[in-house]
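Asks: Quick one: sequence and predicted model below, then my questions.
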Amino acid sequence: MAHVDPRSIYEAQRARATNEVLTKTLASATGLSAPSGFSQYPSGGGKAQNFEDLGIASDQDIVYNASTPVLYEYALKYEKGTVITDTGAMAAFSGLKTGRSPKDKRCVVEPSSKDDIWWGPVNFEQKEEEFMLNRERAIDYLNCQPRLFVVDAFAGWDKRHQIKVRIVCSRAYHALFMKNMLIKPTEEELATFGEPDFTIYNAGLFPANRAVSGMSSSTSVSLHFGRNEMVILGTQYAGEMKKGILTVMMYLMPKRGMLCLHSSANENPEDGSTTLFFGLSGTGKTTLSADPKRLLLGDDEHVWHDDGVFNIEGGCYAKCIGLTREQEPDIYDAIRFGSVVENVSLDTNTRKIDFVDKSITENTRCAYPLEYISNAKLPACGSHPTAVILLCCDAFGVLPPVSRLTHEQAMYHFISGYTAKVAGTEMGVTEPTPNFSACFGGPFLVWHPCKYAEMLAEKLAKTGASAYLLNTGWTGGKYGQGSRMKLKYTRLMVDAINTGALARTECETMPGTGLQIPKEVEGVPTQILSPWKTWADEGEYKAELNKLTKMFQANFTKYSERASPELLKAQPLLWE
């Protein structure tokens, strides 16, 4: 099957953009008109106001909050390589970058936020003057484009706590992506939108200047909490904007006494009870939260406040690699008109997506509105969670499939954010290796992880919600020896959590880890609940468990200075 590979197109386009911006100045912006019949609002007129205050030239053509069909028309006419799939989705390519660039992310050291930020491995420092140089470069590039796309929308479904977001970009693909991922304002809300709370300048087609101090590459993603701005250079990967807004909410919400979480959530339609799911890639977070018996609040980002939880986003950003209707029917059927699929391979004639092909990237994605999910709850707000599930995929095969956590254990495992990579997934990986990501969202944290964990414990104590560790990984031995936990058993455990049955079940304490293991779960073989009973050699099991325990302990040393004595007591010990 022949495929469309637009990478060479965008390499040439990037070279042309570099040449263009070097030969034009802000004063000589092109001001070319949009195609006849296309809906647009000139800068400073119509519904779009105050763009000059943002640095956008007064004669620049602005395509403001355009409809989905209009964005399709612009993308198909002006963005080479963009096509329509056989199901009606827009297929776009993000250039050379097909994933986030965490090493190129910077936060500005400025008075209003410098004492709040957890500086170090996640939040790299940037000086004010470095940010301003990047900002000027981005705006100069944007002003040299024949047209700009501006999207005004909201982050957060609860109107009392949502923030107003403005996206300024040069690609219709980026505009449609964020139109899907943010919450669309009504006509009345748009008329009174006013000044945004946060603005993203996406000049991703144009590279950063490596000569600017602090630049590690031609890619730069810079956040300035004092100016409430984000500037993107050198990457067209749309996920940078989505996760940029998550990072903003990770900072602002705790500052306002609310807990921002990298999690999915669903709700029982009968009694309104809500469950939160945390988990890294491959743990089953998306699969388990997409329960046909329950309503989906959201698949990735939520805020827990004094009255319950709300989804931050207006859409979903799902992985497409290996996608089938049988495994993920909701996601598969959401790939239709209005959705954006990124970096997928297509048949050049039929435009049918090859979900198996990973020649461009394994990180193929689809962004679609939340309303494309048949059992989504809109507005995406829910009551206080009754259950919090921390997911892991333990390839060492030593953690129990489900265990009940104390508040301190929940804090510990939340901060640890554990899952495991298996042998063969990466070059040089010959045995299971741990993957720790603080609070199950390390790259997006702004405050110290202990702050988020302390807020989580406060929420659990105040609401009476139960916390659980759910292992979807291996049983009967580590990867290569045992077998993956059957999904039907994991679903039964989740059902027992949701009904409250697991909270009432008698438990036994697992040696070393201190985890509370239920003695029975309806429909699940009793033997697999105690993992050491599934191994042929209990001595080998203990050795493997102690190896993983030492990894947990070593990882947690990064946070021990800020951890309370009660939290430190919750860490697992060796099984002697």
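Replies: Okay, I see it. Numbering: from 1, shown residues only.
Asks: ok, the closest residue to G298 other than its chain neighbours - contacts?
Replies: Using Cβ to Cβ, 6 or more residues apart in numbering and skipping residues adjacent in sequence, the residue nearest G298 is N311, 3.4 Å away. No exception for glycine: its C-beta is placed from N, CA and C like everyone else's. Neighbouring residues of N311 by Cβ atoms under 8 Å, 6 or more residues apart in numbering: 156-157, 265, 297-298, 301-302, 370, 380-381.
Asks: Just those: which are in strands?
Replies: Judged by DSSP state E, those include 265, 297-298, 301-302, 381 as members of strands.
Asks: Sort out which one of the residues you listed lies nearest F149 for me.
Replies: E301 (23.1 Å; Cβ to Cβ).
Asks: State the distance from the residue nearest to I373 when sequence neighbours are not counted to L296.
Replies: Nearest non-adjacent residue to I373, counting by Cβ to Cβ, 6+ apart: D330, 5.1 Å away. To L296, D330 is 8 Å away according to Cβ to Cβ, to the nearest Å.
Asks: Counting neighbours around each, name which of the two comes out higher.
Replies: The residue with more neighbours, out of D330 and L296, is L296; 25 against 20, by other Cβ atoms under 10 Å.
Asks: Run through the residues that contact that one.
Replies: L296 is in contact with 264-266, 289-290, 370, 373, 375-377, counting by Cβ under 8 Å, 6+ apart.
Asks: Quick one, which of the residues you listed are buried?
Replies: Buried residues within the contacts of L296, counting neighbours by 16 or more other Cβ atoms under 10 Å: 264-266, 289-290, 370, 373, 376-377.
Asks: Including pLDDT and distance to A496, could those go into a markdown table?
Replies: A markdown table is the format used below for those (pLDDT from 0 to 100; distance: Cβ to Cβ, whole Å):
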| residue | pLDDT | distance to A496 |
| --- | --- | --- |
| S264 | 97 | 19 |
| A265 | 98 | 18 |
| N266 | 98 | 15 |
| S289 | 92 | 16 |
| A290 | 87 | 18 |
| L370 | 97 | 28 |
| I373 | 96 | 25 |
| A376 | 97 | 25 |
| K377 | 98 | 23 |
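Asks: I'd like these as JSON lines, with distance to T324 appended.
Replies: JSON lines is the format used below for the buried ones among the contacts of L296 (distance: Cβ to Cβ, whole Å):
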{"residue": "S264", "distance to T324": "20"}
{"residue": "A265", "distance to T324": "25"}
{"residue": "N266", "distance to T324": "22"}
{"residue": "S289", "distance to T324": "18"}
{"residue": "A290", "distance to T324": "14"}
{"residue": "L370", "distance to T324": "22"}
{"residue": "I373", "distance to T324": "17"}
{"residue": "A376", "distance to T324": "21"}
{"residue": "K377", "distance to T324": "26"}
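Asks: Let me know the closest of those to Y173.
Replies: For the buried ones among the contacts of L296, the closest approach to Y173 (Cβ to Cβ) belongs to L370, at 19.6 Å.
Asks: I'd like the distance between that closest one and T186.
Replies: Distance, L370 to T186, using Cβ to Cβ: 16 Å.
Asks: Also R351?
Replies: Counting by Cβ to Cβ, the gap from R351 to T186 is 34 Å.
Asks: And these two? Which one has more around it.
Replies: Neighbours of R351 and T186, each counted by other Cβ under 10 Å, are more numerous for R351; the result is 16 against 7.
Asks: ok, that one touching T85?
Replies: Yes. With contact defined as Cβ atoms under 8 Å, R351 reaches T85; the gap is 5.1 Å.
Asks: Can you give me every residue that contacts P400?
Replies: Here P400 is in contact with 469, 471, 510, 515, 517, 529-531 (criterion: Cβ under 8 Å, 6+ apart).
Asks: Likewise for K550?
Replies: Neighbour list for K550: L574 [criterion: Cβ under 8 Å, 6+ apart].
Asks: Could you pull up phi and psi at it?
Replies: Per-residue torsions, K550: phi -60, psi -30 (degrees, to the nearest 10).
Asks: quick one, strands of the stretch 451-576 of the chain?
Replies: Counting by DSSP state E, counting those that start in this stretch, the stretch 451-576 of the chain has strands at residues 466-471, 474-475, 483-484, 507-509, 516-518.
Asks: Please identify the most buried of the ones you listed.
Replies: Ranked by mean neighbour count under mean count of other Cβ atoms under 10 Å, those are led by strand 474-475, which reaches a mean of 26.
Asks: Mean confidence (pLDDT) on it, please.
Replies: Averaging pLDDT along strand 474-475 gives 97.
Asks: Mind listing residues that contact that strand?
Replies: Residues contacting strand 474-475 (Cβ under 8 Å, 6+ apart): 394-397, 401, 482-485, 528, 531, 534.
Asks: And the helices in the stretch 201-350 of the chain, which stretches?
Replies: Secondary structure of the stretch 201-350 of the chain (DSSP state H, counting those that start in this stretch): helices at 239-255, 285-289, 329-334.
Asks: The second one - contacts with which helices or strands?
Replies: Contacting helix 285-289 under the criterion 3 or more Cβ pairs under 8 Å, 6 or more residues apart in numbering; DSSP states H and E are the following elements: strand 264-267, strand 274-278, strand 385-392, helix 487-499.
Asks: Tabulate these in TSV, adding columns for distance to L460.
Replies: Formatted as TSV, the helices and strands packed on helix 285-289 follow (distance: least, Cβ to Cβ, whole Å):
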stretch	distance to L460
strand 264-267	15
strand 274-278	11
strand 385-392	7
helix 487-499	14
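Asks: can you tell which of the ones you listed is closest to L456?
Replies: strand 385-392 (7.6 Å).
Asks: In contact with the residue nearest to I245 when sequence neighbours are not counted, which residues?
Replies: Among residues not flanking I245 along the chain, A155 sits closest, at 5.2 Å (Cβ to Cβ, 6+ apart). By Cβ under 8 Å, 6+ apart, A155 lies in contact with 162-163, 165, 182-183, 198, 245, 248-249, 312-313.
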